[in-house]
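>>> need coordinates for the following:
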Amino acid sequence: MVSFYKTSHQDTMIREKTFDVIIIGGSYAGLSAAMALGRSLRDVLVIDAGQPCNLQTPHSHNFLTQDGETPAAIAAKGRAELQTYNTVRFVEARAISGKKLENGFSITTDDSSEFSAKKLIFATGIKDTMLQVDGFAQCWGISIVHCPYCHGYELKDKKTVILADGDRGFHLASLVHNLTSDLKIITSAKSGFTSEQLDRLKRHDIEVIEDTISKIYHDVGFLSSVVLTSGRTIEVEAMYAALPFVQHSNIPVAMGCELSEHGYIKVDGMQKTSVDGVYACGDNTNMMRSVANAVFSGNLTGAVVNRDITEEQF
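Numbers count the residues shown, from 1 in each chain. Next up, the predicted model:
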């Protein structure tokens, strides 16, 4: 069982301690970074509010040794494994602000507790902007999904709709077409496909519907049909949606971290942000949203941070 320190009862020693690293976000990327650092005996504080983006996703897939496990179980197992490393501590709280200090950084949580560290890792993820149609959010992660690699096998051979347009919609269609022969695209507006893309979609019997969804019918998150603004009803069992998103935390940008043109935290090949001493990993840095990729990027980030601390101290 993982021990979380409630910051309202945090002892003075924890609050006044300067950690080697503070990791904001305690899901897969954050936990993986914490393990790499804990195994090098770095003093690490993980701050997590327990609100991962896959909170209602029933099963995680395409992760070797964990295929089909629940996301919550994977995270819980990771936290339990970190109990071996007594230099890693956890705080259950939401980080609300950060600032640069003379020799590091400080992070303030939502109960006004303040913690300091030499290095920061943001593993804060992103927040999807849900379609404002009743039922959409309830189906998200269950029968409305973002990724055919994470969910496609389980949704194979189902009556499927892609909610996307342009290059993104075309790319999704090319991947999903291998998983089902019953496939349509809803563009939510006038189609932005090129004539060549439209020809190829037609060749594969993929109907392009220039309309918007006005109603969703589902049973506890499992789609049955959608109603379009035109009044047309389509039987649907699965939907892939390319949603806009925002960064789950505004602290990185407030501290000067640059974002890419697509809205991700800009990092180099070593997961370093544009602010010296600040790193980022997981879904907030790239479009490859999967548990396996988050674990990989967190592991890399932890190793890089340890190396940087070593070079400064040795």
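>>> which parts of stretch 69-85 are buried?
71, 74, 75, 78, 79, 82, 85 (16 or more other CB atoms under 10 Å). Heads up, the C-betas are built off the backbone N, CA and C, glycines and all.
>>> let me have the residues you listed in TSV, extended by distance to residue 211.
Output for the buried residues of stretch 69-85, formatted as TSV (distance: CB to CB, whole Å):
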residue	distance to residue 211
71	33
74	38
75	39
78	43
79	45
82	49
85	53
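>>> extract the residue ranges of the stretch 51-200 of the chain that are flagged as low pLDDT.
Scanning the stretch 51-200 of the chain for pLDDT under 70 picks out nothing.
>>> all helices of it, in order?
For the stretch 51-200 of the chain, helices defined by DSSP state H, counting those that start in this stretch occupy the ranges 71-82, 136-139, 148-151, 166-176, 195-203.
>>> about what we covered before: what is the nearest of the buried residues of stretch 69-85 to residue 207?
Relative to residue 207, the closest of the buried residues of stretch 69-85 is residue 71; by CB to CB it sits at 33.3 Å.
>>> re earlier: out of the helices of the stretch 51-200 of the chain, which is closest to residue 305?
helix 71-82 (15.9 Å).
>>> of all the buried residues of stretch 69-85, which comes closest to residue 144?
Once CB to CB is applied, the member of the buried residues of stretch 69-85 that ends up nearest residue 144 is residue 71, at 16.3 Å.
>>> hmm, that closest one is touching residue 53, no?
No: counting by CB atoms under 8 Å, residue 71 does not reach residue 53; the two are 9.5 Å apart.
>>> still on that earlier bit, would you convert the helices of the stretch 51-200 of the chain into TSV that also reports distance to residue 310?
Below are those laid out as TSV (distance: least, CB to CB, whole Å):
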stretch	distance to residue 310
helix 71-82	21
helix 136-139	45
helix 148-151	35
helix 166-176	41
helix 195-203	50
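>>> those helices: which one's closest to residue 157?
helix 166-176 (11.4 Å).
>>> who are the packing partners of the top helix by length along the chain?
Counting residues, the longest helix found in the chain (DSSP state H) is helix 291-313. Packing partners of helix 291-313 (3 or more CB pairs under 8 Å, 6 or more residues apart in numbering; DSSP states H and E): strand 18-24, helix 28-38, strand 114-122, strand 278-280.
>>> can I get those in CSV with mean neighbour count and distance to residue 157?
Formatted as CSV, the helices and strands packed on helix 291-313 follow (neighbours: other CB atoms under 10 Å; distance: least, CB to CB, whole Å):
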stretch, mean neighbour count, distance to residue 157
strand 18-24, 25, 41
helix 28-38, 28, 29
strand 114-122, 24, 39
strand 278-280, 26, 38
